[in-house]
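>>> Okay, here's the prediction I keep looking at, along with the sequence it came from:
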Amino acid sequence: MKIATYNVNGINGRLPVLLRWLEESTPDVACLQELKAPDEKFPEQAIKDAGYNAIWHGQKSWNGVAILTRNLDIKETRRGLPGDPDDTHSRYIEAEVNGITIGCLYLPNGNPAPGPKFEYKLRWFERFAEHAAELLASGKPVVLTGDYNAIPTELDAYKAERWVEDALFRPETRVAFKALVDQGWTDAIRKLNPDKVIYTFWDYFRNAYGRDAGLRIDHFLLSPDVNKRLLAAGVDRNVRGWEKTSDHGPVWVELADA
DNA sequence: ATGTCACTGGGGCAGTGA
């Protein structure tokens, strides 16, 4: 079973890129972030024609998350992150697919930091960690994947020293990410590549992709029994080189059957 | 600081978020 995550940066603007990637990569599950579209503008028919079922949680202009499946039923278990009824951002959707609970998240960017956006990021991170702990305690197989907007370590950023003041790499963000993983999750990409420089994002400025000046901010966290099933993990970095592409590349894991 | 995208309102392009 192949599960992927992809920050599409505008699902309608990137639709040709998304459809091409789905056709070439054929993930069984695809978690999408940054739809940048309200619910009624989700390209439901094009996704269906590509062979995928979908659930989505959209929002006008910003954010927005979706889970797509190919030949698998989706049972939605949560829409929106619990813990703050005043939070209006569409940043979390969760479903049970093929016996696995899959959480698809778009963690706040948090820049500029310090400031209210960074405070929102840290609060969101806390709420997410609480929910993650509950999922872990349930004993069910769980995958939490998406754009975490968190650079875990110096290995995960080109010229990390330039990112120390940025919300993606500030100490508070790194501490929050490490505390989350330390609940008992496995960072799938890092587990299979302990020392390798692997990026999932290259910004649009200064030919970052051409220079491979990237960041690793899209992550797969696996619960212990999913971790035992982990066969492979990778980044479809070539997709970042396509025309009219997102600034993120798709990331995926391959799991053995239960 | 720089730089480049997508989206919105409103009908060109500035403002916003990333």
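Nice, I can see it.

>>> Which residue ranges of the stretch 51-200 of chain A form helices?
Under the criterion DSSP state H, counting those that start in this stretch, the stretch 51-200 of chain A carries helices at the ranges A:116-137, A:171-181, A:188-192.

>>> want to throw those helices into a markdown table with distance to DNA strand B, mean pLDDT and mean neighbour count?
In this view, the C-beta of every residue, glycine as well, is placed from N, C-alpha and C. Formatted as a markdown table, the helices of the stretch 51-200 of chain A follow (distance: least, C-beta to the nearest atom of the strand, whole Å; pLDDT from 0 to 100; neighbours: other C-beta atoms under 10 Å):
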| stretch | distance to DNA strand B | mean pLDDT | mean neighbour count |
| --- | --- | --- | --- |
| helix A:116-137 | 6 | 97 | 17 |
| helix A:171-181 | 14 | 98 | 17 |
| helix A:188-192 | 20 | 98 | 19 |
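
>>> Using JSON lines, lay out these together with distance to residue A:206.
As requested, those are exported to JSON lines (distance: least, C-beta to C-beta, whole Å):
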{"stretch": "helix A:116-137", "distance to residue A:206": "24"}
{"stretch": "helix A:171-181", "distance to residue A:206": "23"}
{"stretch": "helix A:188-192", "distance to residue A:206": "25"}
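
>>> interface residues of the stretch 51-200 of chain A facing DNA strand B?
For the stretch 51-200 of chain A, the residues in contact with DNA strand B (C-beta under 7 Å from any atom of the strand) are A:60-62, A:108-109, A:111, A:117, A:162.

>>> Report the central residue of chain A.
Taking C-alpha atoms, centre = their mean as the criterion, residue A:146 is the residue nearest the geometric centre of chain A, at 1.0 Å.

>>> Show me what that residue is bridged to.
Beta bridges link residue A:146 to residue A:105, residue A:219 when assigned by DSSP bridges.

>>> what residues are up against it?
Residue A:146 sits next to A:5, A:7, A:31, A:33, A:65, A:103-107, A:218-219 when contact means C-beta atoms under 8 Å, 6 or more residues apart in numbering.

>>> please redo it, this time with the cut-off set to 6 Å
With contact taken as C-beta atoms under 6 Å, 6 or more residues apart in numbering, residue A:146 is in contact with A:5, A:31, A:33, A:104-106.

>>> With residue A:135 as the reference, measure out to residue A:80.
Residue A:80 sits 15 Å away from residue A:135, going by C-beta to C-beta, to the nearest Å.

>>> nope, residue A:83 is what I meant
The spacing between residue A:83 and residue A:135, counted by C-beta to C-beta, is 14 Å.

>>> between the helices of the stretch 51-200 of chain A, which one is nearest to residue A:250?
Closest to residue A:250 of the helices of the stretch 51-200 of chain A is helix A:188-192 (C-beta to C-beta; 12.3 Å).

>>> which residues make contact with that closest one from outside it?
With contact meaning C-beta under 6 Å, 6+ apart, helix A:188-192 is reached by A:198, A:220, A:222, A:230, A:233, A:253.

>>> send the alpha carbons of it over as CSV?
The C-alpha coordinates for helix A:188-192 follow below in CSV (Å, rounded to 0.1, in the frame of the first residue of the first chain):
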residue,chain,number,x,y,z
ALA,A,188,9.7,7.3,8.0
ILE,A,189,12.0,9.2,5.6
ARG,A,190,14.7,9.7,8.3
LYS,A,191,14.4,6.1,9.6
LEU,A,192,15.3,4.7,6.1
